[in-house]
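In: Could you look at this predicted model? Sequence included:
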Amino acid sequence: MTRQGETIAGRFDGSVSLEAEVPEALFDGMCAFIDSHPHWDQYSVITSALARFLVQKGFEDQAVISHYLDGIVQSP
């Protein structure tokens, strides 16, 4: 993982670059979704999925909740 951005009051505020291996079925599903929803891209899909997972597991960080809500609003 690599981070890009500035640190504010000891907290990271920016983006992190991830490289991950995912099952081919998930990748194909994501590509099919993006093809039929052009306002989404791989970054917004992954961000939305990760934020939803964290919120569902009880993580209460305001930045995570904000990404979660952005994903709901952006949903078709």
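Out: Arrived safely.

In: Let me see the mean pLDDT of stretch 26-39.
Out: On average, the pLDDT along stretch 26-39 is 95.

In: Stretch 44-64 now?
Out: pLDDT averaged over stretch 44-64 gives 92.

In: who's in contact with that stretch?
Out: Here stretch 44-64 makes contact (C-beta atoms under 8 Å, 6 or more residues apart in numbering) with 18, 30, 33-34, 65, 67-68, 70-71, 74. From N, CA and C alone the C-beta is placed, and that goes for glycine too.

In: what about the helix or strand where R52 lies, distance to the chain center?
Out: Assigned by DSSP states H and E, R52 belongs to helix 42-56. Distance of helix 42-56 from the chain centroid (C-alpha atoms, centre = their mean, to the nearest Å) equals 4 Å.

In: got the buried residues for the helix or strand just after that helix?
Out: Downstream of helix 42-56, the first helix or strand assigned by DSSP H and E is helix 62-74. Of all the residues in helix 62-74, those buried under the rule 16 or more other C-beta atoms under 10 Å are 64, 67-68, 71.

In: could I get those as TSV with distance to I46?
Out: Conversion of those to TSV gives the following (distance: C-beta to C-beta, whole Å):
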residue	distance to I46
V64	14
H67	11
Y68	13
G71	10
